[in-house]
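Q: Here's my sequence, what's the structure:
(one chain, ligands or ions: 2)
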Amino acid sequence: MNQLFNLPPETKLKNSSLTPYYTYFRTARTVYETLAVVNSSPSSGQVLSFTQLMWPHGNQKFYETMTRMSGKLIELSKIILCMLYKSYGVIGRTELDHSAADHEATMDPLFRMMKYSAPLSNNNNDGDDDEDEEPILRLTPHTDHNFVTVLCQNEVDGLMCKSRDGEWMKVNPSPGSFIVLAGDALRVWSNGRIHAPLHKVMMKGKKDRLSFGM
Ligand SMILES: O=C(O)CCC(=O)C(=O)O
Ligand SMILES: [Fe+2]
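A: Ligands and ions are numbered 1, 2, ... in the order given. Okay, the predicted model is just below:
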């Protein structure tokens, strides 16, 4: 992903769309930037189009990794939704029931990649972060509008979620694990039983944070 974000801005700007959030977006001073691939299911051809847009001479490694990850995220969303539907007793064991989860998870999957710049300028992390340093806002608090968001990040933490009782909590996933967030659609679907947390990104230190998700 570093390779992707290191491309010149004019190349990243080719990732355009009329729909907000479906396009290359960056905040002032490139504190936060994001690229998105609409309908990223492995069979759609969109991952290939995106790769060719960014690297006209091709980038097989990126294409393969993204295809694999996109497939995994869709699969994981499907499993999570199936488990949820089952636990609420709204689906049984028939093929038809599973198609609901299938539908939610595969309907226009939007693969998003994010980069948050380190608050401290020096990127070659030559020591531990200063304990007294205050975390700085990188992504403003929001809820996601979809059913579930599945996220994966590099080793730099920063995500915070607000609990039902209004307390901000740090999310510190173990390496290689995924973060699952309920979105507004799931909150509405469950009549408010499932909490769709406000979340934000706060960072300190000298390392950029990278994340991707769907
Ligand atoms: O980068 C993250 O961990 C969170 C990203 C996020 O909340 C979003 O893109 O909606
Ligand atoms: Fe979000």
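Q: Once you drop chain neighbours, what's closest to Phe25?
A: Thr34 (5.2 Å; CB to CB, 6 or more residues apart in numbering). C-beta: built from backbone N, CA, C; applies to glycine.
Q: where does the one you found land in three-state SS?
A: Thr34 carries the three-state label strand when classified by DSSP: H, G, I helix; E, B strand; the rest coil.
Q: So it is in contact with Tyr22, correct?
A: No. With contact defined as CB atoms under 8 Å, Thr34 does not reach Tyr22; the gap is 10.0 Å.
Q: Out of those two, name the residue with the larger neighbour count.
A: The residue with more neighbours, out of Thr34 and Tyr22, is Thr34; 21 against 18, by other CB atoms under 10 Å.
Q: Now do the more buried one against ligand 1, distance only.
A: 7 Å (CB to the nearest ligand atom, to the nearest Å).
Q: which residues touch that residue?
A: Residues near Thr34 by CB atoms under 8 Å, 6 or more residues apart in numbering: 21, 24-26, 112-115.
Q: try it again with 7 Å
A: 25, 112-114 (CB atoms under 7 Å, 6 or more residues apart in numbering).
Q: Next secondary structure after the helix or strand bottoming out on mean pLDDT in the chain?
A: Lowest by mean pLDDT, DSSP states H and E among the helices and strands of the chain is helix 95-106, with a mean of 64. Proceeding N to C from helix 95-106, the next assigned helix or strand is strand 110-116, under DSSP states H and E.
Q: Only the buried residues of the helix or strand just after that next one, if you could.
A: Downstream of strand 110-116, the next assigned helix or strand under DSSP H and E is strand 136-142. Under the neighbour-count criterion of 16 or more other CB atoms under 10 Å, strand 136-142 has 136, 138-139 buried.
Q: circling back to that earlier point, could the contacts of Thr34 go into a markdown table alongside pLDDT?
A: Formatted as a markdown table, the contacts of Thr34 follow (pLDDT from 0 to 100):
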| residue | pLDDT |
| --- | --- |
| Phe25 | 90 |
| Arg112 | 94 |
| Met113 | 96 |
| Met114 | 97 |
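Q: Which ones, among those residues, also lie beside ligand 1?
A: 112, 114 (CB under 6 Å from any ligand atom).
Q: Closest one of the contacts of Thr34 to ligand 1?
A: Met114 (4.6 Å; CB to the nearest ligand atom).
Q: quick one: the closest one from Val47, how far?
A: 17 Å (CB to CB, to the nearest Å).
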